[in-house]
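Novice: Sharing a sequence plus its predicted fold:
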Amino acid sequence: MTGFALLLVIIAAFCHAAWNLLAKKACGGTAFIWIFASLSAIIYFPLAVWILLDNATVFSPVHIALIAGSAALHSVYFILLDKGYRFGDLSVIYPLARGTGPLLSVLTAVFFLQEQPSLLALGGAVFIGIGILVITGNPFQNHEKAARKSIVYALFCGAAIAGYTVVDKIAVSTYLLPPLVMDWCTNLGRVLLLTPYSLKNWDKVKEQWAAHKKEALGVAILSPMAYILVLTAMVFSPVSYIAPAREVSILIGAILGARLLSEGNVKLRLTGAATMMMGLIALALG
């Protein structure tokens, strides 16, 4: 993985952790997801049109299928993440969700995309996994029903991450869809998928807008920005390197949860963060 790709991934990690903090504060359900997705579609529309015209992009049936699949997986991801945050801490749910994704992404990339990461890169992924375990401890020790439910949501959320990561990698690297256009189209697809629910529950939409408009605007800007940077890195770097490297956001998210949301255990999370940084360096060198 090149230094430029690593820089893009690190910037994306900060953006990603920041919007997750905002989403945790809101915990607004599907109505909140529809609001920030709609705002994103509006905010990034001029850029998407400019890139479409500049690249003379022509959509094929394969492009449409990839966008539809990604939109569905992203919708599932956001809904599961929101449900996880309702029952669990940011410093637990975020690492679990983000940690499951790269593991499945690497396995999928190796077995289905025929990528061959080096032993050093694979070792880096292992170190990142160890760091995740250090940060989260053993969340299954908490026998409260709500805690167990949040863990299940987080793990399924990780599976959705793995799914859309591979789909989007194919879209931007094999079928050459510009990353920003891919993300915008996926986001628009999410709006369309969630519009029937939002219209049926318009009171919830108005309630969420009144209570969390600042959080919605922040997520609307930061979420696409984070993923566009990752998709750009994927254009010229293997997904088996990018997927684990971007999980440095786990370190940032854990610290934000501990410091800003008073979720505690800062020293343990910093130890896990150091382990993850070793993994990140190994990935970059690999």
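Specialist: Right, received. Where do you want to start?
Novice: Please enumerate the helices of this protein.
Specialist: Per DSSP state H, the chain carries helices over the ranges 3-26, 29-43, 45-55, 61-87, 90-112, 119-136, 145-169, 179-200, 202-236, 239-245, 249-260, 266-285.
Novice: need the contact list for the residue nearest to residue 116 when sequence neighbours are not counted.
Specialist: Sequence neighbours aside, residue 110 is the residue nearest to residue 116 in space, at 7.3 Å (criterion: C-beta to C-beta, 6 or more residues apart in numbering). (C-beta placed from N, C-alpha, C; glycine too.) By C-beta atoms under 8 Å, 6 or more residues apart in numbering, the contact list for residue 110 reads 116-117, 240.
Novice: How confident is the prediction for the residue nearest to residue 78 when sequence neighbours are not counted, by pLDDT?
Specialist: The shortest distance from residue 78 to any residue other than its chain neighbours is 4.8 Å, reached at residue 33 (C-beta to C-beta, 6+ apart). Here the pLDDT value assigned to residue 33 is 95.
Novice: Could you tell me the end-to-end distance of stretch 21-37?
Specialist: Distance between the two ends of stretch 21-37: 17 Å, counting by C-alpha to C-alpha, to the nearest Å.
Novice: Repeat that for stretch 158-177.
Specialist: Counting by C-alpha to C-alpha, you get 24 Å between the two ends of stretch 158-177.
Novice: roughly how far apart are the residue nearest to residue 78 and residue 252?
Specialist: Distance of residue 33 to residue 252, computed by C-beta to C-beta, to the nearest Å: 22 Å.
Novice: next one: residue 199
Specialist: Look at residue 199 and residue 252: by C-beta to C-beta, they are 36 Å apart.
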